[in-house]
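A.B. asks: Here is a sequence together with a model predicted from it:
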Amino acid sequence: MVDRRRKISNASEQDLSEIELFCDHVWMEQGLADATLSSYRTDLKLFAAWLNEQSGELLRANQSSIQAYLAHRFQQQYSGRSTARLLSSLRKFYGYLCQQHRLKVDPTQQIENPKIQPPVPKSLSEKDVERLIEQPDLDTALGLRDRAMLELLYSSGLRITELISIEVNQIGFVQGVMRVIGKGNKERLVPIGEEALSSIQQYLKYGRPELASQDTNDYLFLSTRGSKMTRQTFWYRIKHYAKTAGIKTHLSPHTLRHAFATHLLNHGADLRTLQMLLGHSDLSTTQIYTYVAKERLKQLHSKHHPRG
């Protein structure tokens, strides 16, 4: 597949300017996350570059040109999920142009999304999670920090971005809840388990003061430089602890979030509750976990039923 950066550079200056205007607009109107804006930019720039090669322009694209681009992507073996995201970006862009009265007809209106099979989230067993959480060395500030982060991540099902963005004043130690700012700046209250609360208190008492510096801000979890932890650093720490715990399962940044959801369902939680805890705006996003839970029930039935 052709390198993306080279393909994007083929977009016309006019189209690139239109894309930036659109991104500025949706950022101001909806306060979207940086990752979402980056996805819009990438998808639109790739389409604009392809149009430029066909002597076309973003503002003159029609249903036929979009379908031709989708056919091109199919030949290039892009995944259905990637194409669905592209169509979402195009719908957002052309919907914006119609709202601005710069287009009369939205060229994406008659185009259907590709049918895709939702991926089954990879999870860890409860024993694997316990082994992972027990790895940090509690005699060190870093170990106290990492134990608290792992406990909180598994206890609450946070996204890693949400975890590293938690500030000290967002933790309610008496109530046992925390205030989380999720995608789209949506706020939700999430309960914290007793083990996680205890680990956070130990970290605040013995670990965070050692990591703090004169420039330290209000973030709960600090790096060795006394600044906010990064996603990459924490992800590196998770992989390190998985290796020392002897966990062979392939991990992703969301593995503990998936484990949180799967284990809650296995122990009787309902989908609506899980949706609120995970901060999903749509219940259909949460429903993928029912498949994981059903597979677990099948395995238990096969293993323990006399005629399984």
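C.D. replies: Structure received. Numbers count the residues shown, from 1 in each chain.

A.B. asks: contacts and neighbour counts: CA atoms only from here.
C.D. replies: Will do.

A.B. asks: how about the helices in the stretch 51-200 of the chain?
C.D. replies: Along the stretch 51-200 of the chain, the stretches classed as helices by DSSP state H, counting those that start in this stretch are 63-75, 80-99, 126-133, 141-156, 160-165, 194-202.

A.B. asks: contact partners of the last one?
C.D. replies: Meaning helix 194-202. By CA atoms under 8 Å, 6 or more residues apart in numbering, the list of residues contacting helix 194-202 from outside reads L144, R145, R147, A148, M149, E151, L152, S155, F173, G176.

A.B. asks: go with 7 Å
C.D. replies: Residues outside helix 194-202 that contact it (CA atoms under 7 Å, 6 or more residues apart in numbering): R147, A148, E151, L152, S155.

A.B. asks: min pLDDT across those, which one?
C.D. replies: Within the contacts of helix 194-202, pLDDT reaches its minimum at S155, with 86.

A.B. asks: does it really touch M178, like I thought?
C.D. replies: No. In this structure, S155 is not within contact of M178 by CA atoms under 7 Å, at 11.5 Å.

A.B. asks: and stretch 171-178, how far apart are its ends?
C.D. replies: 4 Å (CA to CA, to the nearest Å).

A.B. asks: can you pull the buried residues of that stretch?
C.D. replies: For stretch 171-178, the neighbour count (16 or more other CA atoms under 10 Å) marks I171, V177, M178 as buried.

A.B. asks: which residues touch that stretch?
C.D. replies: Q170, R179, L189, V190, P191, I192.

A.B. asks: can you tell me which residues contact the first one?
C.D. replies: Applying CA under 7 Å, 6+ apart, we find Q170 in contact with M178, R179.

A.B. asks: Could you chop this structure up by domain?
C.D. replies: Structural domains assigned to the chain are 4-99, 126-304, following automatic domain parsing.

A.B. asks: and those domains as a markdown table, adding distance to D106?
C.D. replies: Converted to a markdown table, these look like this (distance: least, CA to CA, whole Å):
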| stretch | distance to D106 |
| --- | --- |
| domain 4-99 | 6 |
| domain 126-304 | 25 |
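
A.B. asks: Nearest to P114, out of these?
C.D. replies: domain 4-99 (6.1 Å; CA to CA).

A.B. asks: average pLDDT across the closest one?
C.D. replies: 87.

A.B. asks: Just the buried subset of the contacts of helix 194-202, please.
C.D. replies: Applying 16+ other CA under 10 Å to the contacts of helix 194-202, the neighbour count classes R147, A148, E151, L152, S155 as buried.

A.B. asks: Relative to G226, which of those residues is nearest.
C.D. replies: Using CA to CA, these come closest to G226 at A148, 16.4 Å.

A.B. asks: what's the closest one in contact with, if anything?
C.D. replies: Here A148 is in contact with A196, S199, I200, Y203 (CA under 7 Å, 6+ apart).

A.B. asks: Need the buried ones from these selected in PyMOL.
C.D. replies: Of the contacts of A148, the buried ones can be selected in PyMOL as follows, counting by 16+ other CA under 10 Å:
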select buried, resi 196+199+200+203
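
A.B. asks: Pipe the contacts of A148 into TSV and attach distance to G95 and pLDDT per row.
C.D. replies: TSV is the format used below for the contacts of A148 (distance: CA to CA, whole Å; pLDDT from 0 to 100):
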residue	distance to G95	pLDDT
A196	44	93
S199	48	97
I200	45	97
Y203	48	97
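
A.B. asks: before we move on, back to that, do you know which of the helices of the stretch 51-200 of the chain lies nearest T262?
C.D. replies: Proximity to T262, assessed across the helices of the stretch 51-200 of the chain by CA to CA, is greatest for helix 126-133 (9.9 Å).

A.B. asks: List the buried residues in the closest one.
C.D. replies: Applying 16+ other CA under 10 Å to helix 126-133 flags D128, V129, R131, L132, I133 as buried.

A.B. asks: Please name every helix or strand in contact with it.
C.D. replies: If you count contacts as 3 or more CA pairs under 7 Å, 6 or more residues apart in numbering; DSSP states H and E, helix 126-133 packs onto helix 141-156.

A.B. asks: where does the helix or strand where T262 lies sit relative to the chain's centre, distance-wise?
C.D. replies: When secondary structure is defined by DSSP states H and E, T262 falls within helix 255-266. Its chain's C-alpha centre and that of helix 255-266 lie 15 Å apart, by CA atoms, centre = their mean, to the nearest Å.
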